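Asks: Build the 3D model from these lines:
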Amino acid sequence: MTDPNTLNEPPRKRLFVALMGLTCVLIIGGAYLLYWVPTKGLTNIHPDLPNLAGVVLAVLSGIALLGTLLLVLTTALGKDLLFTRFMRGVVIKFLLPVIELLGRAFGISKDIIRQSFIAMNNSLVISQKLKVRPDRILILLPHCLQLFECQIKVTGDIQKCVKCGRCDIKGLSELAEKYSIAISVATGGTLARKVIIEKKPKLVVAVACERDLTSGIKDCYPLPVIGVLNDRPFGPCFNTKVDVEKIDSVLQAMIG
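Replies: This is a model prediction of the structure:
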């Protein structure tokens with residue numbers, strides 16, 4: 001059985017951690033530059049204002065560095081340290097767009113950065129050691145996992161699957177039955193959000209490409225989402241595949 005920690009994909013995760021640290025340093029450096037340039041103007045307003053602004057900037061810089069260190073340690077140790085959930089939100093909402101821009105400057109593709117982000121997110125969620133009842137877990141799948149030639153469309157109701165075994169829908173459907181977990185196939189982000197609102201899960205295990213997983217993780221926060229990248233042997237959005245054992249390992253680790 002696959003170890004759920006392999007979802008962390010250490011090499012890709014390290015890339016995101018490195019870019020996150022560099023982003024933090026650049027942001028702090030830019031803030032200090034903005035502080036030093038108008039210092040004379042602040043003195044004209046009040047002689048103590050530059051000192052006060054410097055103290056505030058130093059405190060914010062310390063918080064940023066501490067937060068980055070906590071995230072790195074949480075990822076490395078696999079243990080939920082202080083403010084992990086909050087810091088995951090900071091990364092998702094604020095740092096990710098900056099990191100994508102920084103990566104582009106270094107010639108790193110968006111998909112590589114998104115893979116690394118997903119690995120980092122999975123690591124942080126797994127580190128929380130969540131134990132969730134099966135009826136509060138949702139497996140969310142893209143429609144491209146189903147064989148394109150199949151005449152029985154399972155979007156909206158995976159129970160229609162006749163389990164012929166020609167695509168991974170059969171194994172995933174059996175997995176959901178095994179653990180009595182809700183499972184849905186969505187054609188896009190709008191339908192996926194609708195399913196999540198209706199099911200009200202406490203944990204989502206989502207299968208998709210880099211772009212859709214990243215978008216879904218951002219949209220669902222603070223709901224914990226574990227993202228599993230699909231394989232695309234025939235190109236994007238057509239007869240994709242996924243490692244069912246990998247999802248099984250995640251469920252075993254998360255079900256309480």
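
Asks: Please pull up the helix or strand immediately following the host helix or strand of residue 66.
Replies: In the assignment (DSSP states H and E), residue 66 maps to helix 49-77. On the C-terminal side of helix 49-77, the closest following helix or strand by DSSP H and E is helix 84-90.

Asks: For whatever helix or strand comes next after that following helix, what is the distance to the chain centroid?
Replies: Sequence-wise, the next helix or strand downstream of helix 84-90 (DSSP H and E) is helix 96-105. Centroid separation between helix 96-105 and its chain, computed with C-alpha atoms, centre = their mean, to the nearest Å, is 16 Å.

Asks: CA atoms only for the following helix or strand past helix 96-105, dumped as PDB, please.
Replies: Where DSSP H and E defines the elements, the next helix or strand beyond helix 96-105 is helix 110-127. The C-alpha coordinates for helix 110-127 follow below in PDB (Å, rounded to 0.1, in the frame of the first residue of the first chain):
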ATOM      1  CA  LYS A 110       3.400  27.600 -13.400                       C
ATOM      2  CA  ASP A 111       2.600  23.900 -13.400                       C
ATOM      3  CA  ILE A 112       5.900  23.000 -11.600                       C
ATOM      4  CA  ILE A 113       5.200  25.700  -9.000                       C
ATOM      5  CA  ARG A 114       1.600  24.500  -8.600                       C
ATOM      6  CA  GLN A 115       2.800  20.900  -8.200                       C
ATOM      7  CA  SER A 116       5.100  22.100  -5.400                       C
ATOM      8  CA  PHE A 117       2.300  24.100  -3.900                       C
ATOM      9  CA  ILE A 118      -0.100  21.100  -3.900                       C
ATOM     10  CA  ALA A 119       2.700  19.000  -2.300                       C
ATOM     11  CA  MET A 120       3.200  21.600   0.400                       C
ATOM     12  CA  ASN A 121      -0.500  21.900   1.000                       C
ATOM     13  CA  ASN A 122      -0.900  18.100   1.400                       C
ATOM     14  CA  SER A 123       2.000  18.100   3.800                       C
ATOM     15  CA  LEU A 124       0.400  20.700   6.000                       C
ATOM     16  CA  VAL A 125      -3.000  19.000   5.900                       C
ATOM     17  CA  ILE A 126      -1.500  15.600   6.700                       C
ATOM     18  CA  SER A 127       0.500  17.100   9.600                       C
END
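
Asks: Between helix 49-77 and helix 110-127, find me the angle.
Replies: Between helix 110-127 and helix 49-77, the angle comes out at 80 degrees (axes from the mean of the first three to the mean of the last three C-alpha atoms, to 10 degrees).

Asks: Could you tell me which residues within helix 110-127 count as buried?
Replies: 113-127 (16 or more other C-beta atoms under 10 Å). Heads up, the C-betas are built off the backbone N, CA and C, glycines and all.

Asks: outside of the helix or strand just after that helix, which residues touch it?
Replies: Tracing the chain past helix 110-127, the next element assigned as helix or strand by DSSP H and E is strand 137-142. Residues from elsewhere that reach strand 137-142, judged by C-beta atoms under 8 Å, 6 or more residues apart in numbering: 158, 169, 172, 175-176, 179, 181-186, 192, 195-196, 199, 201-209, 212, 216, 230, 237, 240, 247, 251, 254-255.

Asks: So what are the sheet partners of strand 137-142 and their directions?
Replies: Counting by DSSP bridges, the strands paired with strand 137-142 are strand 182-186 (parallel), strand 203-208 (parallel).

Asks: what would those look like in JSON lines with mean neighbour count?
Replies: As requested, these are exported to JSON lines (neighbours: other C-beta atoms under 10 Å):
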{"stretch": "strand 182-186", "mean neighbour count": "22"}
{"stretch": "strand 203-208", "mean neighbour count": "24"}
